[in-house]
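Peer 1: 3D, please:
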Amino acid sequence: MSTSDDVLERMEWLVAALNRYGRLYHEQNVSEIPDQEYDRLYRELETLEQTYPTLRREDSPTMRVGGAPLEGLEPFVHEVPMLSLQNAFSSQELEEFEEKIRRYLGGGPEVIAYRVEPKLDGLAMELVYEDGVFVAGGTRGDGLTGENVTHNLRTIATIPLRLRTAPAGRLSVRGEVLFDLPGFEKMNDRREAEGDKRFENPRNAAAGTMRQLDPKMVQGRPLRFYAHSAGLLPPGVEVASQSELSALFSSWGFLVDPMSDVASGMRAVVSAVERIRAQRSSLDHEIDGAVVKVDSFSLQDQLGFVTRSPRWALAYKYPPERVRTVLEDVLFSVGRTGAVTPVACLRPVRVGGVTVSRTTLHNEDELQRLDLCIGDTVEVERAGDVIPKLVQVVKDAAHAERSRVRYPSACPECGAGLVSDPEAAAIRCPNELECPAQLRRVIQHFASRLCMDIEGMGERLSDQLVGVGLVRRPSDIYRLTLEQLMGLERMGKQSAQNLLEAIETSRSRGFDRALMALGIRQVGESTARDLARHFGTMDALRGASAEELTAVEGVGAIVANSVVGFLALERNRAEIDALQSLGVQFRPIGTGSRSGGLSGKTFVLTGTLPSLGRDDAKRLLQEAGAKVSGSVSKKTDYVVAGAEAGSKLDQATSLGVSILDEAGMLALLAAARSPG
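Peer 2: A predicted model of the protein is given here:
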């Protein structure tokens, strides 16, 4: 045997062995060999591949290592549309689902078999294989076109790069990418220890992760892919049912959710749906319901489709999961406007797959409604399966003897006496920028993306600047020096220089963003833009009366009085003067209530756009004079749809509203800017 044959044989053995060890670890949590031995074999394979690059296999575990970052995500066209499912929320709706099926079939078999699967709460994905080798993958998008994320999918250990038994031809496998929950918690702990912000929920984190342009940002994150259906099957691959297809997926090397099963008749379906629901809180990945499919492909073909959904499948959505835990304490947090908000400290408990230890109690009214005492057993749910909420107290005989939670009379941060704000149903600290908590949040707000967008000046650095006394007012940001910044913790010369450049860039953000950055109550992004357009300059706005302010579309008496009150205070006027003297440009963005080539047009944004963030797209449309609404109606002129567009896209289709992708929106903006 020649040397090259020996090398090829060794490389094939290494690839097969390392892939086997990887499958055991990621699918069964089994480590068949010590980590050091795995690393040694991996390094040996890397060395051989570097020496003999032409012998490198497509399914080599080294192919999972991220390459160079992409400049942008390319479109991914689905050869067979990825449709959405109709929803059901009760057993009655499940029975109605079967009645519709029987009516359409003209009766059908005496007992219909259904495939019941957990509804995985992740990111819908399609993988494409040629002759058993993974070649491409993309998100669902609008069902016809998604985003090509092949570079990131290669890094996910549970996606086979080569199928175990390779069918000849083209295959597309559909499923969900989602986080392993224990791994998600560990990843968040690492991020927090390194000074990064924790991800709030696994689904959004998975969606954001998969759209990273740099695959190295994805590599190592605890993501899984579960297969549940096929878009295309290669010639010669014949299966009669969803159950047979799932078994085939498993034989090829895909993960299939083990709770999936066949139920004969609707009574068995209801039992299966409830069985999955009962296990929801103990799972190591998130689900938000169950998917019920007619198992037979022959019956599926007879039933067909209606608009954007199959007649033979339904998504049963579970209500928010509710669990019990113990209230250990209540802290009082001071916000940017001085509002003091109670925060419940809970004995850590898993709710909907996420460990919850804190949740806001909103205000004094909510505190009184709940009648909370330290040590109470309480019920917690995640509203919309995202935001944790304390729902109620489970009162027992000892409840009346426990210490009742009451609002403090003084600010927990600065000791100032608290005052009631009945209009906002809030209790506030009146100490404003002399209160450290308020100052920290004012600076964070000022530097945030929607305001002055000072890159690198996040929560951690803002808190540090306030803590060491370098920043006592927003204007102090523009007085910072290289030497001062280099004296901060974890701040080298290059980082300090980058921050100073970002601060310099922020001086020219524009009147609307500078106005929003001031933190005037009731003045958000849209109102700041409308005021900036109408008045043009800060001097004109300063001189406006409440009556003149209410002449601006969308500005009512409450907003007008808030603006007048803010600008009447000498300390605020002095701060605006200081910012202007330091080069912050409260420059006009155009005059008139609604100027621009898209004046009078209403847009709705839905889904994730390929290159623009939602805020960036909204700003571009508003700068062209358009109104950006959050809901679709007959008055909507255009819906701009990106990847994972949902019900708003369906509403637009049913109402006959014009639908644009990002390219279409940008073309419309370009035409609006063109003279004549």
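Peer 1: what's the helix or strand for the residue nearest to the spatial centre of the chain?
Peer 2: When CA atoms, centre = their mean is applied to the chain, the residue found nearest the centroid is N204 (2.6 Å). Using DSSP states H and E, N204 sits in helix 202-210.
Peer 1: tell me what that helix is packed against?
Peer 2: strand 123-130, helix 150-153, strand 170-179, helix 181-193, strand 223-232 (3 or more CB pairs under 8 Å, 6 or more residues apart in numbering; DSSP states H and E). In this view, the C-beta of every residue, glycine as well, is placed from N, C-alpha and C.
Peer 1: nearest to R587 among these would be which one?
Peer 2: Of all the helices and strands packed on helix 202-210, helix 181-193 sits nearest to R587, with 37.7 Å by CB to CB.
Peer 1: mind listing what's buried along that closest one?
Peer 2: L181, G183, F184, E185, M187, N188 (16 or more other CB atoms under 10 Å).
Peer 1: that one - what's its average pLDDT?
Peer 2: Computed over helix 181-193, the mean pLDDT rounds to 86.
Peer 1: that helix: how far from the chain's middle?
Peer 2: In terms of CA atoms, centre = their mean, to the nearest Å, the centre of helix 181-193 is set 16 Å apart from its chain centre.
Peer 1: can you name every helix or strand that it contacts?
Peer 2: Helix 181-193 packs on helix 202-210, going by 3+ CB pairs under 8 Å, 6+ apart.
Peer 1: who's in contact with stretch 394-414?
Peer 2: 324, 330-332, 334, 340, 342, 364, 367, 371-379, 393, 416-418, 427, 429, 431, 434-438 (CB atoms under 8 Å, 6 or more residues apart in numbering).
Peer 1: can you give me the end-to-end distance of that stretch?
Peer 2: 35 Å (CA to CA, to the nearest Å).
Peer 1: kindly report the same for stretch 646-663.
Peer 2: Stretch 646-663: ends 19 Å apart by CA to CA.
Peer 1: what comes up buried for that stretch?
Peer 2: K648, L649, D650, Q651, A652, V657, I659, D661, E662.
Peer 1: run a quick neighbour tally on G415.
Peer 2: G415 has 11 neighbouring residues, counting by other CB atoms under 10 Å.
Peer 1: wait, L541 sits on L531?
Peer 2: Yes. L541 lies in contact with L531 (CB atoms under 8 Å); the separation is 6.3 Å.
Peer 1: what touches both of these two?
Peer 2: Common neighbours of L541 and L531 (CB under 8 Å, 6+ apart) are L515, V563.
Peer 1: neighbour count: those two, which is higher?
Peer 2: L531 (26 against 20).
Peer 1: name the helix or strand for the more buried one, please.
Peer 2: helix 525-535.
Peer 1: next one: Q392
Peer 2: Applying DSSP H and E, one finds Q392 within strand 387-394.
Peer 1: what ranges do the helices span in the stretch 251-400 of the chain?
Peer 2: 266-278, 297-303, 364-370 (DSSP state H, counting those that start in this stretch).
Peer 1: now stretch 549-567: buried residues?
Peer 2: Of all the residues in stretch 549-567, those buried under the rule 16+ other CB under 10 Å are L549, T550, V552, V555, V559, A560, N561, S562, V563, V564, F566, L567.
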